[in-house]
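J.: need a structure here:
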Amino acid sequence: MKKVYLDYAATTPLSEEAFSAMKPYFSQTFGNADSLHAFGRDAAEAVAAARRRVASCLGAEVNEIYFTSGGTESDNWAIKGIAEKRIRNGGRIVTSAVEHSAVYEACKQLERRGFDVVYLPVDGRGFVSCDALEAAMTADTLLVSVMYANNEIGTVQPVARLAEVAHAHGALFHTDAVQAAGALPLDVKSLGADMVSLSAHKFYGPKGCGVLYVKNGTDLQPLMSGGEQERGRRGGTTDVPAVAGAAAALEYACAVREEENRRIAALRDAFAEKVLSSVTDVIYNGPSNEAERLPNNANFTFGNVAGNLLYLLDLEGVCASNGSACSAGSSEPSRTLLAIGRSEQEAMASVRFTFGRYSTEQDAEFAALKVAECVNRLRQSGK
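T.: Numbers count the residues shown, from 1 in each chain. Below you'll find the model as predicted:
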């Protein structure tokens, strides 16, 4: 049976570029990058080369790049690392209601420890207002964390303007750019961010490897203790193959970004048009303006659907999701969809389709046809 993968926001297949870069470090150059002998020095040079490549992609200094285990660790380190420096005095942290759970739950944990956390609302398209951020800022606000692009409905936030507001009040600014990497410009100076989180498996790199950009001068408490790796700020033996693969994947993704965006957006638009024209009582969630939305993202709320649409789509060969893979096992409705005004029932009847490098016109046509068939079948069965 034909199977179409439309869940690139959850994870991407490992690219040939990444795989080729990783292979030598599994068995040939296998040394610990912190060992002082020749085997260790060879591994250390591979890590240093990867750090230079990532820094170049981000327009950052080499010593501003730190390797982590993924986006979740990078987000937690950015938020908790700043908070730990102020743990005795507390302070305010400002974030949004539509953040990934790695940011949202980190903030909830700090809230339980006595920090004042503000969760900014969003409008019906998922945007955070600069005016709302301005109103939330206080003299003791130490950090603002707003994601670059939403992982569920694709909204691209005005992070540069939000960073300006944060800095005007003396606060630091962090952005979760996990979904943006490979799809949006990543120059950290243009973004104005003090910290930026990335996750390699979102841009065709290996799972279990992430990046945290930390602007020089940012006082960040280590999250992982137990070693002097990453210049004493993140303990743990460096995963040399993963680091090499992540750098190669990011470099390639940035090089082909504009061309791939045009192709993927065209597929997404053709798919969305077919769904909207063949299914009644459907809402296209997120911004309609192409410049304000990730090029690969289509998120729909299907009205009057009784049953598990995702399960039926999977049986018919279409692999999609109802939101973040990190909360796929949850029976709770999406916070993002509730925040943009969907009811709990509507949120549970929403599906995210995300296209990627290996998606084709035939995939888009097949998926749109199956969406219409499955929605109509569930509606008939619910009568």
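
J.: Check the residue nearest the centre of the chain and give its pLDDT.
T.: Geometric centre of the chain, nearest residue: residue 178, 2.7 Å, by C-alpha atoms, centre = their mean. Listed pLDDT for residue 178 reads 98.

J.: Might one say that it is in contact with residue 200?
T.: No: between residue 178 and residue 200 there is no contact under C-beta atoms under 8 Å: 9.8 Å. (Each C-beta comes from the backbone N, C-alpha and C, glycine too.)

J.: Can you pull out the low-pLDDT segments for this structure?
T.: 88, 323-331, 383 (pLDDT under 70).

J.: again, only this time at 90
T.: 1, 28, 32-35, 84-90, 222-235, 237, 288-291, 305-307, 322-332, 380-383 (pLDDT under 90).

J.: And it, what are its domain boundaries?
T.: As assigned by automatic domain parsing, the chain contains the domains 4-12+257-381, 17-255.

J.: hey, which of the ones you listed is tucked in deepest?
T.: domain 17-255 (a mean of 20; mean count of other C-beta atoms under 10 Å).

J.: could you pull out the strands for the stretch 51-200 of the chain?
T.: 65-68, 92-96, 116-120, 141-145, 172-176, 195-199 (DSSP state E, counting those that start in this stretch).

J.: Double-check that residue 353 belongs to a strand.
T.: Yes: assessed with DSSP: H, G, I helix; E, B strand; the rest coil, residue 353 lies in a strand.

J.: can I assume residue 83 is in contact with residue 117?
T.: No: judged on C-beta under 8 Å, residue 83 makes no contact with residue 117 at a distance of 9.8 Å.

J.: Overlap in contacts, these two.
T.: Counting by C-beta atoms under 8 Å, 6 or more residues apart in numbering, the residues touching both residue 83 and residue 117 are 93, 110.

J.: and residue 188, how far is that from residue 236?
T.: 24 Å (C-beta to C-beta, to the nearest Å).

J.: one step back: contacts only, for the residue nearest to the centre of the chain.
T.: 71, 100, 147, 151, 197, 198, 199, 202.

J.: Quick check: of those, which lies closest to residue 159?
T.: residue 147 (8.2 Å; C-beta to C-beta).

J.: Contact partners for residue 66?
T.: 211, 212, 213, 214, 230, 231, 233, 234.

J.: Let me fix that, I meant to ask about residue 75.
T.: So residue 75 contacts 100, 102, 103, 106, 145, 174, 176, 197 (C-beta under 8 Å, 6+ apart).

J.: ok, and the closest non-adjacent residue to it?
T.: Spatial nearest neighbour of residue 75, excluding adjacent residues (C-beta to C-beta, 6 or more residues apart in numbering): residue 102 at 3.9 Å.

J.: ok, now how distant is that neighbour from residue 84?
T.: Distance from residue 102 to residue 84, by C-beta to C-beta: 17 Å.

J.: same deal with residue 168?
T.: Counting by C-beta to C-beta, the gap from residue 168 to residue 84 is 25 Å.

J.: And residue 362, by the same measure?
T.: Distance from residue 362 to residue 84, by C-beta to C-beta: 51 Å.

J.: Now do the phi/psi pair for the residue nearest to residue 238 when sequence neighbours are not counted.
T.: Nearest non-adjacent residue to residue 238, counting by C-beta to C-beta, 6+ apart: residue 33, 4.6 Å away. With angles defined as degrees, to the nearest 10, residue 33 sits at phi -60, psi -10.

J.: pretty sure residue 33 is touching residue 50, no?
T.: No: taking contacts as C-beta under 8 Å, residue 33 lies outside contact range of residue 50: 10.3 Å.

J.: how far away is the residue nearest to residue 238 from residue 42?
T.: With C-beta to C-beta as the criterion, residue 33 and residue 42 are 9 Å apart.

J.: Need the overlap of contacts for those two.
T.: Between them, residue 33 and residue 42 share no contacting residue, judged by C-beta under 8 Å, 6+ apart.

J.: Distance of residue 159 relative to residue 335?
T.: 20 Å.

J.: So what pairs up with residue 120 in the strands?
T.: Counting by DSSP bridges, residue 120 forms beta bridges with residue 96.

J.: and residue 211, that's in a strand?
T.: Yes: the assignment for residue 211 by three-state DSSP puts it in a strand.

J.: For residue 78, see how far away it is.
T.: Counting by C-beta to C-beta, the gap from residue 211 to residue 78 is 11 Å.

J.: who touches both of these two?
T.: residue 197.

J.: Residue 250 contacts residue 198, doesn't it?
T.: Yes: the pair residue 250 / residue 198 is scored as a contact, 7.4 Å apart, by C-beta under 8 Å.

J.: Identify the contacts common to these two.
T.: With C-beta under 8 Å, 6+ apart as the test, residue 250 and residue 198 both reach 181, 211.

J.: Next up, the contacts around residue 243.
T.: Contacts of residue 243 (C-beta under 8 Å, 6+ apart): 46, 47, 50, 51, 67, 209.

J.: Skip the chain neighbours and tell me the closest residue to it.
T.: Nearest non-adjacent residue to residue 243 (C-beta to C-beta, 6+ apart): residue 50, at 4.6 Å.

J.: what residues does the one helix or strand that neighbour maps to touch?
T.: Taking DSSP states H and E as the criterion, residue 50 maps to helix 38-58. Helix 38-58 has contacts (C-beta under 8 Å, 6+ apart) with 25, 29-35, 60-62, 64-65, 67, 186-188, 196, 211, 213, 238, 240, 243-244, 246-248, 250-251, 254.

J.: Specify the angle between it and strand 195-199 in degrees.
T.: Orientation of helix 38-58 against strand 195-199 (axes from the mean of the first three to the mean of the last three C-alpha atoms, to 10 degrees) gives an angle of 110 degrees.
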